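Peer 1: Next input, structure requested:
(4 chains)
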There are 4 protein chains.
Amino acid sequence: MRTAIFGQGYVASILNVGLERIKKGEIGYEGVPLADTLPLNIEDIEIVTAFDIDRSKVGNKLSKVVRQYWDGNINFERDYIIKEGYRDYRGSGEEIDLEEVVGKLIDEYSKKDIEIFVNLITTERAEPFMDVREVKRAIRKNDVDRISPAQLYFYSVAQYERPTAFINCIPTPLANDPAMVKLAKETNTVLFGDDGASGATPLTADILEHLRERRRRINSICQFNIGGNTDFLSLTEPERNLAKEVTKSSIVEDILGYDVPHYIKPTGYLEPLGDKKFVSMHISYTSFNGAEDEWIINARINDSPALAGLIVDLIRLAKIAIDREEYGTIYPVNAFYMKMPGPREAKSIPKIHAFERLNEWVNALPKAETEEIIVAERVEQN
Amino acid sequence: MRTAIFGQGYVASILNVGLERIKKGEIGYEGVPLADTLPLNIEDIEIVTAFDIDRSKVGNKLSKVVRQYWDGNINFERDYIIKEGYRDYRGSGEEIDLEEVVGKLIDEYSKKDIEIFVNLITTERAEPFMDVREVKRAIRKNDVDRISPAQLYFYSVAQYERPTAFINCIPTPLANDPAMVKLAKETNTVLFGDDGASGATPLTADILEHLRERRRRINSICQFNIGGNTDFLSLTEPERNLAKEVTKSSIVEDILGYDVPHYIKPTGYLEPLGDKKFVSMHISYTSFNGAEDEWIINARINDSPALAGLIVDLIRLAKIAIDREEYGTIYPVNAFYMKMPGPREAKSIPKIHAFERLNEWVNALPKAETEEIIVAERVEQN
Amino acid sequence: MRTAIFGQGYVASILNVGLERIKKGEIGYEGVPLADTLPLNIEDIEIVTAFDIDRSKVGNKLSKVVRQYWDGNINFERDYIIKEGYRDYRGSGEEIDLEEVVGKLIDEYSKKDIEIFVNLITTERAEPFMDVREVKRAIRKNDVDRISPAQLYFYSVAQYERPTAFINCIPTPLANDPAMVKLAKETNTVLFGDDGASGATPLTADILEHLRERRRRINSICQFNIGGNTDFLSLTEPERNLAKEVTKSSIVEDILGYDVPHYIKPTGYLEPLGDKKFVSMHISYTSFNGAEDEWIINARINDSPALAGLIVDLIRLAKIAIDREEYGTIYPVNAFYMKMPGPREAKSIPKIHAFERLNEWVNALPKAETEEIIVAERVEQN
Amino acid sequence: MRTAIFGQGYVASILNVGLERIKKGEIGYEGVPLADTLPLNIEDIEIVTAFDIDRSKVGNKLSKVVRQYWDGNINFERDYIIKEGYRDYRGSGEEIDLEEVVGKLIDEYSKKDIEIFVNLITTERAEPFMDVREVKRAIRKNDVDRISPAQLYFYSVAQYERPTAFINCIPTPLANDPAMVKLAKETNTVLFGDDGASGATPLTADILEHLRERRRRINSICQFNIGGNTDFLSLTEPERNLAKEVTKSSIVEDILGYDVPHYIKPTGYLEPLGDKKFVSMHISYTSFNGAEDEWIINARINDSPALAGLIVDLIRLAKIAIDREEYGTIYPVNAFYMKMPGPREAKSIPKIHAFERLNEWVNALPKAETEEIIVAERVEQN
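Peer 2: Residues are numbered from 1 along each chain as shown, chains lettered A, B, ... in the order given. Coordinates of the predicted model:
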């Protein structure tokens, strides 16, 4: 599974380190949901290249970049050099030939024989295109103000002429953009997204379901998140924060079936917390005979490993989907691994239910085989 | 649904009050998991009598007893008088004619035309009989040292000659005692148990499943519970506390599939907390790449309403089971509503999964009808 | 102690209710720090009038307004009618004759024979004047864009020709404005302020001192506050929130003697929480031999009663200060009761220390008597 | 300051490591309350020997023992060998010549030229003697059932003929035993104790004072402590736990002036938590106008470093006391550093106040000098 990464930041670096340590037998499969239950082995994942725009990273070896995020000693079998990626030109007024940018990216993909792409660039604001023609128009007209880096990356992967998969771990609507899902289907691309479900939100989903099943009427929910990694830093820019807020809030109504006053969003940046964020949640509800209960949940969670562990599954699931020729987006995968599971009309469901659906999808026979069996059965019956 | 209660304490009183307020339209169905989704209406539940051994209660009207637990004004349509129940003679050296005791209880049941029984007596220590002959021997020999009050009550209900249901909300092993389950089947008795799953333990079950599905390796779990109701007071007697500890701990290995050092038990009694207990939980686990995370969950939970809300379902499910002639114990019901779901060999499962199984059971056609349909289909096919 | 209130909101209403219930013997002195240890009795406090700008309040009786904030039955001995106050004309472009406004207010004060004023209007942004001439210029030139309602109210009280006291419970810099403190001295006005120290910030101050005394090096502090009263609602307007942030953050460096990355501010508005806010705090520090500890503090605090209880003291302390002819601002009072204790150059100190200084001030003999004693002693010595 | 340790466990080992690292400039003075503000330097503390009864320790070098508690690399300048100490013979029926035991210990003290002794043996049950004659009788009669190891150690130090200091960091009543305090005075021994105030209890003291100063009426307090070090393990033996409970509970009434239902004690043992205990506290109180607030405090605290940091001060304060010839016990030192500050009749006070008294004591002139000054002043006056 030859994989490329967009955004060689904290999550990507922990993913590199963790995979290397697993291969060396230093650690087990902790934090990887499907662990050794898939037909594809974790040890066969190969991260072969990465794109970034940070001057301190581009042109440097992986091992050097990783040192920003990881203290331990680590030797990478494949110590690649970070390539320059596509930066955000929106509002810059610069003239860029987008077809040329895309062409160069595809050349790189091709040279490295990449099949799977993981998007881990910093949270950005972005609007869905809704119509494939709009995507194509933006590229054709070099409308750099319309297209975000994540959207451009996805477009480049779709144009790359071979079956591929694109795993979108940030809130940019890709699996939630009907235009991009259509593009994915047309170009034999698997698209997983959007926004990797690490952190406290998946737990919130299961707790809400737990309360719903007991018919407790929730009165209010608040969830504060504060951390010191670049993701939190970027959220101090109000428009990025907005992207996150939209993502996370939708689960309340999706799961409960009614809306509840809530405050769920990344709240602040506090550098010394580093990658280990602090989460504080308060839920108040009414129980039988009008009794008022409340729960307070506090957590210290290492953000990057939580997401990196999910990506170890997503790369393998992407390969399975390519092999099954299931292009476009796949809800049973998104529902478990994503905060804002595509397609657009899909809802958040409790994660414990999503895990069941995921396992059903994993254990289902590939379409082709299913059809063969059906044909065989028909022959037999007659 | 004519129902009797053993133990007119906090839970029973809140159950009485809540049902009355629902009937009067003062409150909704909050805290009743299946609310208005069952074919039987909450409003048709009738609590017609109760047995207790507390001198301050026996011989008094329900409305007077309820005042110990509930401040509001309430008029009961059926303001019954508390009857004297069977007290714990173990270790007392007293000579009691158990057949006579049972006979008198049955007379009462019969006089009041009771169909459903809810056991809410204070937590007691008790050993399972394992063999029906042992139960019968204890009764025959008037072995008051062998049989606990809850076991005696269940025996009396089983002997009561009509299809009935016994809902065991305390830790005494009844649905977990093969002897009692066998007795239930032989006597057309539905037996739900053991130990109503209110409080923090069901949430712990779902949180453990949530972590398991993400392959996070749990390092330790602790859960403190402290409250000021008589249930906590009784637990200051060490042997009763032990009963609770056994109950609650089993979930860890059942759900995770491996054992983890844990401390999960009622910790103390603090009178001013009253019925609203304080729960504090700490869970530490290892995530991807060896990252160490931790969650701290604190809650204030009204104990009695949480259980009373479940009983509102259990009474109706008991009636459904009687109507379907499904005697003995019913795991899909126990798995959701009980901390220690019977039968003995059954395991705890995540509550979110248990809820799915419960709904399947509820929506399944009664055996008889299913058979009719099968017959009908066969006829049709030919 | 004839007292007037600016802003008949939640705090004022709870103050009215609490005083009335104390007078009627329904409740004790809980939440009133100096309780019955002052020479002046709580029962002698009289709230005789209030000013507000809310149309739903002006012209209505206190008892009607109080119903918005208090469920219980209450009969006020002095059920005053809310008077119209001075609204915020900044940015409105309206032409207002400020001298005339001030004149009318003073007429009211005089008519009602008010001696003590409590400022409880909603949090507003405001800049200190720094120079008394600037205050006078703004009034003279009718510069409504320069002067905030709280500043205008203070000015009016200072102009009211008798010794008075003004207790500023909101963040507007009055005791922290050298101009206002000078004005207070010149006009025989006692000025307590700024921003009443209810809520979690005083506790934070004492916890920081606790850690400082053990030489634990604090790495980071965060404190989230979320509530559902109008104070929190007003803070959703960014510029008001800024005022709060400045107030609360200063304590960290004042107490520790070094700055620490921190996030301490009102975080959001969540209507169902009402007046009982949720506070969540995280403190991480380094102990001996490099050990890393952390504390997480969660609280549910009724905001308005916490402040109202302090005001019961402040009114009596104001009267004592008037009687002692100690005009201007009084740090030993501010240090305990205020989040941002004036004068401007003063620092926040741990509240436990502030309480000692407060008691020294209370127990000190009035200046006059002190001088008499000194004279007496001199006479004796000779 | 030549120092010996009784009990080379976790705290002692962290004390050794921390002092060595401070001397080597690797770490600062974090966790040492008086840091560099005393006339005696931390770097001049020398731990020269230790006594223990654990077979895995006796006869081994410090550096080997320390490895059980500390991962890092450390070279001790003085890598002493652990000596065999006095074990608990109570209930063993063994015949021991106590005078001989004491004699041998004193020989060791003398050989190593020890001046200061720190008692860090595992928590034991023990009864105060109350009368010096009783102590002497127990020794004379070889009554091994009456005297605990800590009491025996203190007795041996008192018999050691030179001015010394004994710092009792465990709950055994020594500074709280009038017999031992008298013995200390008679034998020119400084005695600090009892039970080092690390952990959550000192914070609880300051929080209670904080609430008291605001006249909030506390309704209930609970504080759970769970950890995985040998101290917690030993507390699973009920009689040891009792010792702790007595210690910690006294602060509630001492500080508030009234008693409150409370549950404050070490609650359990959970091995994976190791030395970093989990603390959970719940406080509920009534504020102004009957409002009910609550605080929940959770902490993860490294137990051993917290205490070791205090000992760094106590050794130096002991030396100061010896130099000032202040024998017996010294309340201003105990009040800050101890959970159960001696002498027996003394009360717990808020730690923030205790810190002030400590500083006054430190800054006071030694008695001798004070007397000189008084004499000088008298001379001058005449």
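Peer 1: Only C-alpha atoms from now on, for both contacts and neighbour counts.
Peer 2: Noted.
Peer 1: Give me the phi and psi for the spatially most central residue of chain A.
Peer 2: Centre of chain A computed as the mean C-alpha position; nearest residue by Cα atoms, centre = their mean is A:C169, 2.0 Å away. Phi and psi for A:C169, reported as degrees, to the nearest 10, are phi -90, psi 0.
Peer 1: and if you look at A:F117?
Peer 2: Main-chain dihedrals, A:F117, degrees, to the nearest 10: phi -130, psi 140.
Peer 1: just for chain A, where's the confidence low?
Peer 2: Within chain A, the segments meeting pLDDT under 70 span A:236-249, A:365-382.
Peer 1: Okay, helices next: where are they in it?
Peer 2: A:10-23, A:62-66, A:98-112, A:132-140, A:149-159, A:178-186, A:201-213, A:230-235, A:238-256, A:303-324, A:331-337, A:351-363, A:367-381 (DSSP state H).
Peer 1: if I look at the closest residue in space to A:Y89 that isn't next to it in sequence, how far off is A:A197?
Peer 2: Nearest in space to A:Y89, with sequence neighbours left out and distances taken as Cα to Cα, 6 or more residues apart in numbering or on different chains, is A:V144 at 5.9 Å. Distance of A:V144 to A:A197, given as Cα to Cα, to the nearest Å: 29 Å.
Peer 1: The two: which is more packed in?
Peer 2: Per other Cα atoms under 10 Å in any protein chain shown, whichever of A:V144 and A:A197 has more neighbours is A:A197, with 25 against 22.
Peer 1: residues in contact with the nearest residue to A:I226 once chain neighbours are set aside?
Peer 2: The shortest distance from A:I226 to any non-neighbouring residue, by Cα to Cα, 6+ apart, is to A:G268 (4.9 Å). Applying Cα atoms under 8 Å, 6 or more residues apart in numbering or on different chains, we find A:G268 in contact with A:225-227, A:232-233, A:235-236, C:263.
Peer 1: With A:Y269 instead?
Peer 2: A:226-229, A:232-233, A:235-236, C:263.
Peer 1: what bridges to it?
Peer 2: A:G227 (DSSP bridges).
Peer 1: What's the separation between it and chain B?
Peer 2: Distance, A:Y269 to chain B, by Cα to the nearest Cα, to the nearest Å: 19 Å.
Peer 1: swap in A:K83?
Peer 2: Where chain B is concerned, A:K83 sits at a distance of 25 Å (Cα to the nearest Cα).
Peer 1: just checking, A:P128 touches A:L174?
Peer 2: Yes: counting by Cα atoms under 8 Å, A:L174 is a contact partner of A:P128 at 7.2 Å.
Peer 1: So which of the two has more stuff around it?
Peer 2: A:L174 (32 against 20).
Peer 1: For the more buried one, which residues are in contact?
Peer 2: A:128, A:151, A:168, A:180-181, A:191, A:193-194, A:342.
Peer 1: and those residues as JSON lines, adding distance to chain B?
Peer 2: What follows is the contacts of A:L174, written out as JSON lines (distance: Cα to the nearest Cα, whole Å):
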{"residue": "A:P128", "distance to chain B": "30"}
{"residue": "A:Q151", "distance to chain B": "29"}
{"residue": "A:N168", "distance to chain B": "19"}
{"residue": "A:M180", "distance to chain B": "29"}
{"residue": "A:V181", "distance to chain B": "27"}
{"residue": "A:L191", "distance to chain B": "22"}
{"residue": "A:G193", "distance to chain B": "18"}
{"residue": "A:D194", "distance to chain B": "18"}
{"residue": "A:G342", "distance to chain B": "21"}
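Peer 1: Among the residues you listed, the buried ones, what's the ChimeraX command?
Peer 2: In ChimeraX syntax, the buried subset of the contacts of A:L174 is picked out as below (16 or more other Cα atoms under 10 Å in any protein chain shown):
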select /A:128,151,168,180,181,191,193,194,342
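Peer 1: Closest to A:Q68 out of the contacts of A:L174?
Peer 2: Among the contacts of A:L174, A:N168 lies closest to A:Q68 (Cα to Cα), at 23.5 Å.
Peer 1: hang on, that closest one packs against A:T122?
Peer 2: No: with contact defined as Cα under 8 Å, A:N168 does not reach A:T122; the gap is 11.6 Å.
Peer 1: care to break chain A down by domain?
Peer 2: The record's domain parsing of chain A by automatic domain parsing lists A:2-196+A:306-362, A:201-302.
Peer 1: any chance of these in TSV, plus distance to B:G9?
Peer 2: Shown next, in TSV, are the domains of chain A (distance: least, Cα to Cα, whole Å):
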stretch	distance to B:G9
domain A:2-196+A:306-362	36
domain A:201-302	16
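Peer 1: Would you mind telling me which of those domains is nearest D:G25?
Peer 2: domain A:2-196+A:306-362 (22.1 Å).
Peer 1: Now do the end-to-end distance for that closest one.
Peer 2: Domain A:2-196+A:306-362: ends 21 Å apart by Cα to Cα.
Peer 1: And it, how far out from the chain middle?
Peer 2: 7 Å (Cα atoms, centre = their mean, to the nearest Å).
Peer 1: Look up how far A:E99 lies from A:R137.
Peer 2: Distance from A:R137 to A:E99, by Cα to Cα: 11 Å.
Peer 1: Can you flag the buried ones in the contacts of A:G268?
Peer 2: A:225-227, A:232-233, A:235, C:263.
Peer 1: Pick out the most distant pair among these.
Peer 2: Using Cα to Cα, the pair of those lying farthest apart is A:L235 and C:Y263, separated by 14.4 Å.
Peer 1: Correct me if wrong: A:P272 contacts A:N229.
Peer 2: No: assessed by Cα under 8 Å, A:P272 is found out of contact with A:N229, at 9.1 Å.
Peer 1: the more surrounded of these two?
Peer 2: Taking other Cα under 10 Å, A:P272 and A:N229 do not tie; A:N229 has more neighbours (22 against 18).
Peer 1: residues contacting that one?
Peer 2: With Cα under 8 Å, 6+ apart, A:N229 has these contacts: A:10, A:269, A:271, A:273-275.
Peer 1: hmm, 7 Å instead?
Peer 2: A:N229 makes contacts with A:271, A:274-275, as judged by Cα atoms under 7 Å, 6 or more residues apart in numbering or on different chains.
Peer 1: Check A:S156 too.
Peer 2: A:102, A:105-106 are the contacts of A:S156 under Cα under 7 Å, 6+ apart.
Peer 1: May I see these arranged in JSON lines, with distance to B:G31 as well?
Peer 2: Listed next are the contacts of A:S156 as JSON lines, based on distance: Cα to Cα, whole Å:
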{"residue": "A:V102", "distance to B:G31": "56"}
{"residue": "A:L105", "distance to B:G31": "56"}
{"residue": "A:I106", "distance to B:G31": "57"}
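Peer 1: Reformat those as TSV; add distance to chain C and neighbour count.
Peer 2: Below are the contacts of A:S156 laid out as TSV (distance: Cα to the nearest Cα, whole Å; neighbours: other Cα atoms under 10 Å in any protein chain shown):
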residue	distance to chain C	neighbour count
A:V102	42	21
A:L105	41	21
A:I106	44	20
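Peer 1: and the nearest residue to A:V132 once chain neighbours are set aside, how many neighbours?
Peer 2: Once flanking residues are discounted, A:V132 sits nearest to A:A179: 4.5 Å by Cα to Cα, 6+ apart. Number of residues near A:A179 (other Cα under 10 Å) recorded here: 18.
Peer 1: Please point out which parts of stretch A:142-159 sit buried.
Peer 2: Applying 16+ other Cα under 10 Å to stretch A:142-159 flags A:142-144, A:146-159 as buried.
Peer 1: and A:I251, what does it touch?
Peer 2: Contacts of A:I251 (Cα under 7 Å, 6+ apart): A:205, A:348.
Peer 1: Would you pull up the residue in the stretch 51-200 of chain A closest to chain D?
Peer 2: A:G72 (14.8 Å; Cα to the nearest Cα).
Peer 1: now that residue: how far from B:R87?
Peer 2: Counting by Cα to Cα, the gap from A:G72 to B:R87 is 65 Å.
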